[in-house]
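Visitor: Sequence and computational prediction follow.
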Amino acid sequence: MEAKLESAEAAPANSSDSPTITISTEVRASDWVAISIADNGVGMSEQIQNQLFNLFFTTKPVGKGTGLGLPISYQIIVERHQGYLHCQSQIGQGTEFIIEIPLKQNHQKT
């Protein structure tokens, strides 16, 4: 399954490209699923990538972002679903987030 969505906020890395977000899914090793969300935007530095999942980190101006979205997503994917959340990005090359989760969950009562 693959879908392309137009994004009004994404700035394309190449001015001749339209801002694009690509979402794809893949079954891996028959018991895991990977969901990829990629854009063709400006990308981000390694310094920013290293902080993405830190609570309250934001690149937005004061009062415009809470820095909660990615840390909460990370917690749900990694702790709740025993999965992985990765970010791959290079300046001028766009960004890709990859979510990997097992198809069968081992839920424990808490």
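Guide: Arrived safely, thanks for sending.
Visitor: Just to check, Gln51 is in contact with Phe57?
Guide: Yes - the criterion here is CB atoms under 8 Å, and Gln51 meets it with Phe57 at 4.5 Å. Backbone N, C-alpha and C define where each C-beta goes, glycine included.
Visitor: mind checking the longest helix of this structure?
Guide: helix 69-75 (DSSP state H).
Visitor: buried stuff in it?
Guide: Neighbour-count burial for helix 69-75, counted by 16 or more other CB atoms under 10 Å, picks out Leu70, Pro71, Tyr74.
Visitor: tell me what that helix is packed against?
Guide: Applying 3 or more CB pairs under 8 Å, 6 or more residues apart in numbering; DSSP states H and E, we find helix 69-75 packed against no helix or strand.
Visitor: which residues touch Thr95?
Guide: The neighbours of Thr95, taking CB atoms under 8 Å, 6 or more residues apart in numbering as the test, are Ala38, Asp39, Gly41, Gly43, Met44, Cys87, Gln88, Ser89.
Visitor: Can I take it that it is in a helix?
Guide: No - under DSSP: H, G, I helix; E, B strand; the rest coil, Thr95 falls outside any helix and is assigned strand.
Visitor: okay, it: pLDDT?
Guide: pLDDT recorded at Thr95 is 97.
Visitor: Just give the nearest non-adjacent residue to it, would you?
Guide: Ser89 (3.9 Å; CB to CB, 6 or more residues apart in numbering).
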